[in-house]
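Asks: this one's structure only:
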């Protein structure tokens with residue numbers, strides 16, 4: 001049971017000749033709507049007023065709003081900034097940064113470069129070998 005229902009029940013059970021409790025023993029409320037009234041008063045004092053009314057509202061220009069939200073092209077400023085600094089990092093540093101940013105999965109790793117084997121070529125020609133055989137082994 002709520003406290004209000006309990007109080008009402010006790011009032012009904014009181015003998016009719018008895019008066020209500022002295023004001024000092026009553027709750028601090030003056031009435032059932034006091035909390036709601038206080039809230040309404042507090043809201044009325046807030047700055048900005050009531051948003052539901054049109055009074056005091058300034059009409060905004062749709063063109064001005066469009067220009068405010070219009071995207072700005074920063075290409076020239078960015079190019080000027082990028083071209084201003086000509087500092088180039090070392091190759092080893094750039095490789096290290098790229099390796100750190102690369103994932104650990106095998107699909108993120110670059111393919112390993114295999115060194116191409118140079119075809120073994122000799123300085124001697126077939127004719128030189130035949131000449132050597134004739135001289136060394138004595139084959140005609």
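Replies: Yep, it's here. Remember, predicted model here, so these are calculated numbers, not experimental data.
Asks: what bits of this structure have low per-residue confidence?
Replies: Low-confidence segments of the chain, defined by pLDDT under 70: 1, 15-34, 42-53, 139-140.
Asks: and the helices in it, which stretches?
Replies: Secondary structure of the chain by DSSP state H: the helices cover 3-13, 34-45, 62-69, 75-84, 91-101, 126-137.
Asks: show me what the last one is packed up against.
Replies: When contacts are defined as 3 or more CB pairs under 8 Å, 6 or more residues apart in numbering; DSSP states H and E, helix 126-137 sits against none of the other helices and strands. Every residue, glycine included, has its C-beta placed from N, CA and C.
Asks: buried ones in it?
Replies: Buried residues in helix 126-137, counting neighbours by 16 or more other CB atoms under 10 Å, are absent.
Asks: please produce CSV containing the helices of the chain, extended by distance to residue 119.
Replies: Formatted as CSV, the helices of the chain follow (distance: least, CB to CB, whole Å):
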stretch, distance to residue 119
helix 3-13, 102
helix 34-45, 91
helix 62-69, 66
helix 75-84, 45
helix 91-101, 30
helix 126-137, 16
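Asks: of all these, which one comes closest to residue 107?
Replies: helix 91-101 (14.8 Å; CB to CB).
Asks: for the helices of the chain, which one sits closest to residue 56?
Replies: The closest of those to residue 56 is helix 34-45. By CB to CB, the value is 15.3 Å.
Asks: coming back round to it: so which of the helices of the chain gets nearest residue 114?
Replies: Closest to residue 114 of those is helix 91-101 (CB to CB; 18.5 Å).
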